[in-house]
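Visitor: next input, structure requested:
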Amino acid sequence: MDNDHIAALLIRKDIKPTANRLLVYRTLERENRPLCLSDVVDILGTMDKSSVFRVLATFLEKDMVHSIDDGSGRLKYELCRCEHHSLGDMHAHFLCEGCGEIFCLESIDPSAISLPDGFEAHSANFVLKGLCSKCSRRQ
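Guide: Model (predicted):
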């Protein structure tokens, strides 16, 4: 996606399209996998950690990204591809305990889990842990 399209997306979410925000968005889009703060800093190489953190915090607040707590102590971020953020656009993730990669499992829908009467879910964090196909073949 070019800068004009990204800028239009940001403006629709009431986010000023600064150079740093465009860079972070393009990085998340290009990598197309959940990234932690240090991943984004390492990939960019041109922005300091606090600048990247502020951009990610803004994106999270404005529903431009989803955050994933995989139990590693480092939140991962991925672009939200939906117009209106809801539980229905969430999906499960798989954390490989061998290589540390996190994979999207878009076919597993956490919103399909039935809750007891009177309970209402607003978000979901569904992470499976084990070995990815590459790491399991090595063993």
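Visitor: contact partners for residue 33?
Guide: Neighbouring residues of residue 33 by CB atoms under 8 Å, 6 or more residues apart in numbering: 78, 101, 102, 103, 104. For every residue, glycine as well, the C-beta is placed using N, CA and C.
Visitor: residue 47 now?
Guide: For residue 47, the residues meeting the contact criterion (CB under 8 Å, 6+ apart) are 20, 23, 24, 41.
Visitor: likewise for residue 49?
Guide: Residues touching residue 49, when contacts are defined by CB under 8 Å, 6+ apart, comprise 37, 38, 41.
Visitor: now, these that are in helices?
Guide: Restricting the contacts of residue 49 to those inside helices, with DSSP state H as the criterion, leaves 37, 38, 41.
Visitor: using TSV, please lay out these together with pLDDT and neighbour count.
Guide: Written out in TSV, the entries for the ones in helices among the contacts of residue 49 read as follows (pLDDT from 0 to 100; neighbours: other CB atoms under 10 Å):
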residue	pLDDT	neighbour count
37	96	18
38	95	11
41	97	20
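Visitor: which one of those residues is nearest to residue 2?
Guide: Within the ones in helices among the contacts of residue 49, the smallest distance to residue 2 is 23.8 Å, found for residue 41 (CB to CB).
Visitor: tell me the spacing between that closest one and residue 136.
Guide: Between residue 41 and residue 136 the distance, using CB to CB, to the nearest Å, works out to 30 Å.
Visitor: summarise which helices and strands the helix or strand bottoming out on mean pLDDT in the chain is packed against.
Guide: Taking mean pLDDT, DSSP states H and E as the measure, the helices and strands of the chain show their lowest mean at strand 102-105, namely a mean of 83. Strand 102-105 sits against strand 92-96, with contacts defined as 3 or more CB pairs under 8 Å, 6 or more residues apart in numbering; DSSP states H and E.
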